[in-house]
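# only geometry, no sequence info:
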């Protein structure tokens, strides 16, 4: 049975639409527009053209030999989503949803953002299509990702710091949903990940699966065979689903998602939702969730704003439950070490998010041995993270930490 | 009296019901019980008792601040049932709980229903549970006889209104306007049309909520709906003026449900 044909609203026991009734009509409208767009060659022509001429797809596949020397001798290949316009995989999804916004005749888009990559991508698409754009971002994240705030504002978007709750990504989503409930008549919510109510998990997956489709063909062309394992970081899970999806029916290809282990999954400061959470309802879908006994969401922690999310997309929860994908955690420290290692060995500075997958690949390589080949989704570039990295490694005053 | 009977009695008396919202545990568990009792003693016909939740997507800043304060003060779900029991020991008005869905799921839908019924609660208002996702709750509420109040919105299609009316018991919560909780100067004309559409869809009772904060708005709403629901304004009165303050506002709002003269 193919695992690639799931279209939602449910992925096994996960997914659904747990939202106020006020949003149901908009979700229905979006779902219908998406189903029609998927069948419309003109839509695909326009999107494919943008992905090619504006984003720069297909993104390259880079073999990283010097980095791989630290990974038990396994061959390591990076899918270079960091080279996309705006610097991450987020643009793939945003362009599709922006085109859809035009199709449903709305003139204003809103989005949540954690690290700021989805916000930047949305602000970019809004500029390109002449849409009014408001980005909700947790106040904590506006501080640790100040550069991306400036980018969004330069692109003409309004950035609203969210001061309620934990002041991070989950609260930015709450605030964006409140905006959407209020302004749904002329506003489309461009959701950034494969979480949220149907149709977002399936739609965002469909818009991101190009990553894995390209990478699968590139691996075959480069090595004549499929990779032993595919590794990706998982916050909400859009880059991971994007690279996993093409491989779901390749039973011999192991799929590994790396959640943010923060200060350690046995501490209280991590974002290992699948590893340490249990099923619950948040942001419109049933999925794994970090929560207390009463069902109150627990604040997550990660050095990486993009992974600092106590929920996860329902398709990942399903893939974990059926055993098709495995989910582990990389700590802050392991991710930062991997970030520096890739920078020093390959001249590629990854986003801290993606560095969680790199840390995981180092671990996998040592386990799988020199015969293995590992495909890693390098979901974003690290420019936005220089301040965090400079502090972590004490680079600014010239004294590098251990 | 059940929620339905309570509303019907007020409609029969020529006006409509006033439903008052307050969150449990704000500013403290004891004070929230006292405030709820004071609402009833000052003319509120039915209570909507909010369960504080970490991610209240339907709520505006006033209720967010209050429920966050309650959580910070150590609110636990068990306090919700305690509050219902304490209120029901003092006043006879029906008490509905307003809760986001995840706390119910984690507590166990059947266990939640049993404990709510045992505490003397009337049922649940579920802002982020639509009937389509509500099988477990439909079964548990049928088994226990609890009321289930689902929301209807101006944007709901006729087919969805029919589904909501069919699934609801007690009343249907007609969301006055497209938006979240919080006082508004004008309650949308959309509310009047929504109530009319709900009636056409077969709803025996509709109460209008979201954005209602004054006696004048209450009076206007009960002229076409079976009840008016006030939340943020009461929470703000409690925050600013304590139990006395919220009692005074309740009395004033209740005048909106009495014949003028």
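Nice, thanks for sending it over. As the structure is a prediction and not an experimental result, all values here were calculated from the model.
# which SS state does residue A:309 fall under?
Classification of residue A:309 by DSSP: H, G, I helix; E, B strand; the rest coil places it in coil.
# residues touching it, list them.
A:114, A:168, A:169, A:170, A:195, A:235, A:236, A:271, A:273, A:300 (C-beta atoms under 8 Å, 6 or more residues apart in numbering or on different chains). (Each C-beta comes from the backbone N, C-alpha and C, glycine too.)
# quick one: which of the residues you listed is most hemmed in?
residue A:273 (34 neighbours; other C-beta atoms under 10 Å in any protein chain shown).
# how far away is the residue lying closest to that residue once chain neighbours are set aside from residue B:219?
Closest residue to residue A:273 apart from its sequence neighbours, by C-beta to C-beta, 6 or more residues apart in numbering or on different chains: residue A:312 at 4.3 Å. Distance from residue A:312 to residue B:219, counting by C-beta to C-beta, to the nearest Å: 48 Å.
# re the thing from before, test my guess that the residue nearest to residue A:273 contacts residue A:288.
Yes - judged on C-beta atoms under 8 Å, residue A:312 makes contact with residue A:288 at a distance of 5.4 Å.
# who has more neighbours, those two?
residue A:312 (32 against 28).
# do you know how far that one is from residue A:9?
In terms of C-beta to C-beta, residue A:312 sits 17 Å off from residue A:9.
# same check on residue A:284?
10 Å.
# of those two, give the one with the bigger neighbour count.
residue A:284 (27 against 19).
# residues touching that one, list them.
Here residue A:284 is in contact with A:16, A:17, A:18, A:19, A:177, A:195, A:196, A:197, A:200, B:128 (C-beta under 8 Å, 6+ apart).
# looking at the stretch 101-250 of chain B, which residue is nearest chain A?
residue B:106 (3.4 Å; C-beta to the nearest C-beta).
# name the secondary structure element that contains that residue.
Using DSSP states H and E, residue B:106 sits within helix B:101-107.
# in whichever helix or strand comes after that helix, what's buried?
Toward the C-terminus, helix B:101-107 is succeeded by helix B:109-118 as the next helix or strand (DSSP H and E). Along helix B:109-118, these residues count as buried under the neighbour rule (16 or more other C-beta atoms under 10 Å in any protein chain shown): B:109, B:112, B:113, B:115, B:116, B:117.
# show me what from chain A comes close to chain B.
A:16-22, A:24-26, A:28, A:164-165, A:170-171, A:174, A:177-178, A:181-185, A:280-284, A:289, A:291, A:293-297 (C-beta under 8 Å from any C-beta of the partner chain).
# on the pLDDT front, check the residue positioned nearest the centre of chain B for me.
The residue lying closest to the centre of chain B (C-alpha atoms, centre = their mean) is residue B:48, at 3.5 Å. Note on residue B:48: pLDDT of 98.
# quick check: closest non-adjacent residue to it.
Nearest residue to residue B:48 in three dimensions, chain neighbours excluded: residue B:21, at 4.2 Å (C-beta to C-beta, 6+ apart).
# OK, contacts around that neighbour?
Contacts of residue B:21 (C-beta under 8 Å, 6+ apart): B:47, B:48, B:49, B:50, B:63, B:98, B:209, B:229, B:230, B:231, B:234, B:235.
# any idea whether it is helix, strand or coil?
Going by three-state DSSP: residue B:21 is strand.
# quick one: which two of the buried residues of helix B:109-118 are the most distant?
B:109 and B:117 (12.6 Å; C-beta to C-beta).
# before we move on, the earlier item: now list whatever residues contact both of residue A:284 and residue A:9.
A:16, A:17, A:197.
# could you dump those residues into TSV and include secondary structure?
Conversion of the shared contacts of residue A:284 and residue A:9 to TSV gives the following (three-state DSSP):
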residue	secondary structure
A:16	coil
A:17	coil
A:197	coil
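# relative to chain B, which of those is nearest.
So of the shared contacts of residue A:284 and residue A:9, ranked by how close each gets to chain B (C-beta to the nearest C-beta), first place is residue A:16, at 5.4 Å.
# can you say which helix or strand has the residue in the stretch 101-250 of chain A that chain B sits nearest to in it?
Residue nearest to chain B within the stretch 101-250 of chain A: residue A:182 (4.0 Å; C-beta to the nearest C-beta). Assigning secondary structure by DSSP H and E places residue A:182 in helix A:169-183.
# what's the first helix or strand after that helix?
strand A:187-189.
# what helices or strands is that following strand leaning on?
helix A:90-103, strand A:108-113, helix A:169-183 (3 or more C-beta pairs under 8 Å, 6 or more residues apart in numbering or on different chains; DSSP states H and E).
# tell me which residues are up against the next helix-or-strand element following that strand.
Per DSSP H and E, the first helix or strand lying C-terminal to strand A:187-189 is helix A:200-208. Contact with helix A:200-208 is made by A:6-9, A:11, A:15, A:30-31, A:34, A:38, A:89, A:92-93, A:95-97, A:191-195, A:238-239, A:241-242, A:245, A:284-285, A:313-315, as judged by C-beta under 8 Å, 6+ apart.
# contact residues of the stretch 101-250 of chain B facing chain A?
By the rule C-beta under 8 Å from any C-beta, the part of the stretch 101-250 of chain B lying against chain A is B:101-107, B:127-130, B:132-133, B:150-157, B:160, B:164, B:175, B:178-180.
# can we see that at 7 Å?
Residues of the stretch 101-250 of chain B lying close to chain A (C-beta under 7 Å from any C-beta of the partner chain) are B:101-103, B:105-106, B:127-130, B:132-133, B:151-153, B:155-157, B:160, B:164, B:175, B:178-180.
# drop anything exposed from these.
Buried among these (16+ other C-beta under 10 Å): B:101-103, B:105-106, B:127-130, B:132-133, B:151-153, B:155-156, B:160, B:164, B:175, B:178-180.
# show me the contacts for the closest residue to chain B within the stretch 251-400 of chain A.
Distances between the stretch 251-400 of chain A and chain B by C-beta to the nearest C-beta are smallest at residue A:295, namely 3.4 Å. The contact partners of residue A:295, taken as C-beta atoms under 7 Å, 6 or more residues apart in numbering or on different chains, are A:280, B:102, B:103, B:105, B:106.
# whichever strand or helix holds residue A:339: which residues count as buried?
According to DSSP H and E, residue A:339 maps onto helix A:332-346. Buried residues in helix A:332-346, counted by 16+ other C-beta under 10 Å: A:332, A:334, A:335, A:336, A:337, A:338, A:339, A:340, A:341, A:342, A:343, A:346.
# pretty sure residue B:236 sits against residue B:61.
No - look at residue B:236 against residue B:61 with C-beta atoms under 7 Å: they stay out of range, at 10.0 Å.
# which of those two has more neighbours?
residue B:236 (20 against 14).
# quick one, phi psi at the nearest residue in space to that one that is not next to it in sequence?
Counting by C-beta to C-beta, 6+ apart, the nearest residue to residue B:236 once its immediate chain neighbours are dropped is residue B:62, at 5.2 Å. Main-chain torsions, residue B:62, degrees, to the nearest 10: phi -60, psi -50.
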